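**Q** One predicted model, sequence on top.
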Amino acid sequence: MTRLVVEVGFGSTLSTPAASITWTDITQYVDINSAAVTISRGAQDEQSETQMGSASLTLDNSTGRFTAGLASGAYYPNVKKNVPCRIRVISTAKNLLPNPSFESGVTAWISSDTPTRATSTTHVQHGTQAMLITWGAVASQTMTSPLIQGLNIGSRYTFSAYVWVPTGDAPVRLTVADVTTGSQNTVFDAFQRLTVSWTATSTTHQVRVGAIGTPVAGDVVWVDAGQIEEASSATTFDSDGPQDHERIYGGVNAWPTTWKGLYSTAAITISDVFKPLAKPSLQTMLTEEVLLDDPLGYYPLTEPSDSTSAGDLSGTTAGPLSTVAIGSGGELAFAASDAGPDGQGALTLTPATISNGKFLTGDLGGDFESSSSAAFVFAECWFSTTTVSRVIFGLTSTDNRYQLVFSLSVGGLLTIESTNTGAALTSSSPATGNLANGTQHHFVYDEEAQLVWVDGVSYTVGVDIVSRLRLLTVGAFTNSRLWSGSISHLALYAPGPSGDITQYTGHYTTGTTGHVGETAATRASRIASYVGATVTAVGSAFSGIASQAALGSSPLQHLQEVAQTEGGVLLAARDSAGLILQSRDLRYNPTAAISLAHPDTDTDSVAFDDDDQKLCNIVIGSRPGGATQRVINQASRDTYGPYEKQLTLLKTTDAELVDAAQWTVNRFADPPPEMRQLPLEAYTLPLATYRALLDADVSTVFGVTGLPAQAPASATTVTVEGYSETIKNRQHLINFRVSRTDTATVWVLNDSTYSVLGTSSRLAY
């Protein structure tokens, strides 16, 4: 039986982990009689991108509990846009008590006062273990079940359980929390089934096992074979408890309040995590990696060419850097096309002499000053020059007592200089080699470990530990040693003792390689991390991905680029605000997870199509930095004419691009007749089948048998691409959007099914 559960995480956001949210069950206010809950998920077909998942439902707002801003509302002030919401369906034969035989443990049960609970095999009514409750010497002790959901208000329910109480120990009874209490046991030293019945006043209730009177400390009871059923009395125990099936997890877009006469409703829509992922625009990969590590000051120095100042992107109180001119002559410019590690330009300084020119300076603010006093300082920067004996940047306290300077020595060695007394600077120049060679270099300074990492290699240094740093000067220090060259991505951190240096040194790889060649799964996780999302990879063979160093579009767009290059599928998770990336090999030669007979679909909408909607016999393929190539299926072109598709993928080699193009034309040069929709009245199907349908998702494979004689064949196998569903009272219609599975069959050496010449000789990539 279909039992709907709708919960809202009032007071939380989509970035809050699902397990940390306090969920409020609002199922009783959902209209599934005159209205319905509708949900959509997945793609239209295997050639389309996954679309944002959504749901719509109508809520009873007669008390104003769902009116945003209404102070008297039950959920005020947390009725807010984008608050998390999840929709589940509970399937059960009859028993609504989770884990009814305690085979999965007893941790979900909650004790009041002093009783404890544990699993025990001493006295068992069903299965292999029971719940053993040990009472304390306190009156009115109870052990309470987890929340029972999916109840129908006004229906009669019965809670039953078998109890085994030793002679002389406190008798027990069953209760329904805040509703009613049953009779105590009359049998000792043997199992006795107790019951209590009630009429549901909410879609959720909790039940309890309670001791009578005040037990003696150490009194016990074994409880087993619990059952909650929609009935006025207990029936035969069913050990198959309820199963949860997540349908969608997302944020509420808005809380509209409407009226029909004086009756108020709130018709809300929910969007999955694709919605927030489609909104922000990412900056370069290097910038996003730096921001991910929470700098206290971050100056990419990639402003437009007409800028005269530089801004902080850390989001802290670090102030802007302004241009200062000393002496006469010299130039300061931004956006030099050949400067910077990620092609986004950089600050370029060209002084007239070592003491005549321009540089930047600014106040990092009180927060940075406090942090640099309470924790060790970490600093990083990119630079390029051909001039030695110049300063990259320097940090000082307002009274100049504390100073920290990064420069190149007369031999072009990276040099760290510092003082904590205001006296002469102590310097250290590790053997980095001459860095004034006109190429991009990167360094990270670790004050705690007294190490500096230059281009990924660590060197030991020995300088004074500083504090109270606040003033930043870029390209000079004390109006001298003016820098000649480029500077970019200057970041300052104060993570405290034992800061993980690898999170900063890893930026060197980002800046120099853009992580070219990392797998699609790794790249997807990297991009998602920039906005606090997570990706679960499903499958085994993930392709390498070319550079996305520039980024610049929404996280969702870049994630879809990865999925398209992989030839896989990007999905929003149904149980959290996470993402799922399926690899393309997940669909190679699959077996059907569910078998359905055509008459059991109980709809009149099953159809077969044979058209040119998916036909493709020419692919023009391209990749960043690679060749543009053309792949043709000549036989299809001769028969149907040209059907061309442009394919731009982030492949790392031209050969991989050709493989992807050939895979496309081999699959779709002449698409055979196929079923594209599989609508099912799932509510009428047997429980096992219904549960399998609820667990089905994108890429699940169905076998459909018993097709009418007019069908191309008596049976077919289809792959789910997406679905829409409608949930009403005693109705659950699911319309699966499907594609023909055998277009993804591939050749397997010496396999009786998949190495048959001419029928299954398609090579996968």
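**A** The structure has been received and is ready for your questions.

**Q** mind checking how far the helix or strand harbouring Phe736 is from the chain centre?
**A** For Phe736, the host element (DSSP states H and E) is strand 731-740. Distance of strand 731-740 from its chain centroid, counting by Cα atoms, centre = their mean, to the nearest Å, is 26 Å.

**Q** Pull out the buried residues from that strand.
**A** By neighbour count on 16 or more other Cβ atoms under 10 Å, the buried set for strand 731-740 is 732-740. The way it works is simple: take the backbone N, C-alpha and C, and place the C-beta from them, glycine included.

**Q** thought Gly73 was touching Asn61?
**A** No. Gly73 lies out of contact with Asn61 (Cβ atoms under 8 Å); the separation is 9.1 Å.

**Q** Tell me the strands beside the strand holding Phe736, with direction?
**A** strand 677-681 (antiparallel), strand 716-728 (antiparallel) (DSSP bridges).

**Q** Residues contacting it, please?
**A** With Cβ atoms under 8 Å, 6 or more residues apart in numbering as the test, strand 731-740 has contacts from 2, 42-46, 89, 603, 605, 671-672, 674-683, 690, 693, 696, 702, 716-726.

**Q** now the residues you listed: which count as buried?
**A** Buried among the contacts of strand 731-740 (16+ other Cβ under 10 Å): 2, 42-43, 46, 89, 671, 674-680, 682-683, 690, 693, 696, 702, 716-725.

**Q** So Val562 lies in a helix, does it not?
**A** Yes. The assignment for Val562 (DSSP: H, G, I helix; E, B strand; the rest coil) places it in a helix.

**Q** quick one: contacts for it?
**A** By Cβ under 8 Å, 6+ apart, the residues touching Val562 are 520, 523-524, 527, 545, 548, 570, 581, 650.

**Q** how many other residues sit next to Leu586?
**A** Look at Leu586: counted by other Cβ atoms under 10 Å, it has 15 neighbours.

**Q** swap in the one 5 residues further on?
**A** Other residues near Thr591 come to 8 when the count uses other Cβ under 10 Å.

**Q** can you check Gly69 too?
**A** Gly69 has 11 neighbours, counted by other Cβ under 10 Å.

**Q** repeat for Lys645
**A** With neighbours defined by other Cβ under 10 Å, the count for Lys645 comes to 17.

**Q** residues in contact with it?
**A** Listed by Cβ under 8 Å, 6+ apart, the contact partners of Lys645 are 616, 618-620, 664.

**Q** go on, Ile148?
**A** The contact partners of Ile148, by Cβ under 8 Å, 6+ apart, come to 96-98, 204-207, 228.

**Q** gap between the residue nearest the centre of the chain and Arg86?
**A** Central residue of the chain (Cα atoms, centre = their mean): Gly578, 2.1 Å from the mean position. As defined by Cβ to Cβ, to the nearest Å, Gly578 lies at a distance of 13 Å from Arg86.

**Q** Might you list the low-confidence residue ranges for the stretch 651-765 of the chain?
**A** Along the stretch 651-765 of the chain, segments meeting pLDDT under 70 span 747-763.

**Q** for it, what spans make up the helices?
**A** Secondary structure of the stretch 651-765 of the chain by DSSP state H, counting those that start in this stretch: the helices cover 654-668, 687-695.

**Q** Please apply the same query to the stretch 101-250 of the chain.
**A** Under DSSP H, counting those that start in this stretch, the stretch 101-250 of the chain gives no helices.

**Q** distance of the spatially closest residue to Ala696 that is not a sequence neighbour from Met675?
**A** Excluding the flanking residues, the one nearest Ala696 by Cβ to Cβ, 6 or more residues apart in numbering is Val720, at 6.0 Å. Noted for Val720: a distance of 11 Å to Met675, by Cβ to Cβ.

**Q** Tell me where the protein is predicted with low confidence.
**A** 1, 337, 496-499, 603, 747-763.

**Q** domains of it?
**A** 2-92+246-272, 110-241, 295-494, 514-587, 611-671 (automatic domain parsing).

**Q** Run the chain-centre distance for the fourth one.
**A** In terms of Cα atoms, centre = their mean, the centre of domain 514-587 is set 11 Å apart from its chain centre.

**Q** First-to-last residue distance for it?
**A** End-to-end distance for domain 514-587, by Cα to Cα, to the nearest Å: 30 Å.

**Q** could the domains of the chain go into TSV alongside distance to Gln710?
**A** Converted to TSV, these look like this (distance: least, Cβ to Cβ, whole Å):
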stretch	distance to Gln710
domain 2-92+246-272	23
domain 110-241	40
domain 295-494	60
domain 514-587	29
domain 611-671	17
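
**Q** and these, which is most packed in?
**A** Highest mean neighbour count among the domains of the chain (mean count of other Cβ atoms under 10 Å): domain 514-587, with a mean of 21.

**Q** Quick one: end-to-end distance for stretch 388-407.
**A** 9 Å.

**Q** try stretch 245-263
**A** So stretch 245-263: terminal residues 32 Å apart, Cα to Cα.

**Q** Check stretch 289-305 too.
**A** This stretch, stretch 289-305, spans 24 Å end to end (Cα to Cα).

**Q** from the middle of its chain, how far away would it be?
**A** 25 Å.

**Q** Next, find the distance separating the nearest residue to Tyr493 once chain neighbours are set aside from Asn729.
**A** Closest residue to Tyr493 apart from its sequence neighbours, by Cβ to Cβ, 6+ apart: Phe378 at 4.1 Å. From Phe378 across to Asn729, the span is 60 Å (Cβ to Cβ).

**Q** now Gln184
**A** 38 Å.

**Q** Where do the strands of the stretch 451-600 of the chain begin and end?
**A** Under the criterion DSSP state E, counting those that start in this stretch, strands of the stretch 451-600 of the chain are mapped to 451-454, 457-460, 471-474, 485-493, 535-538, 569-572, 579-582, 594-597.
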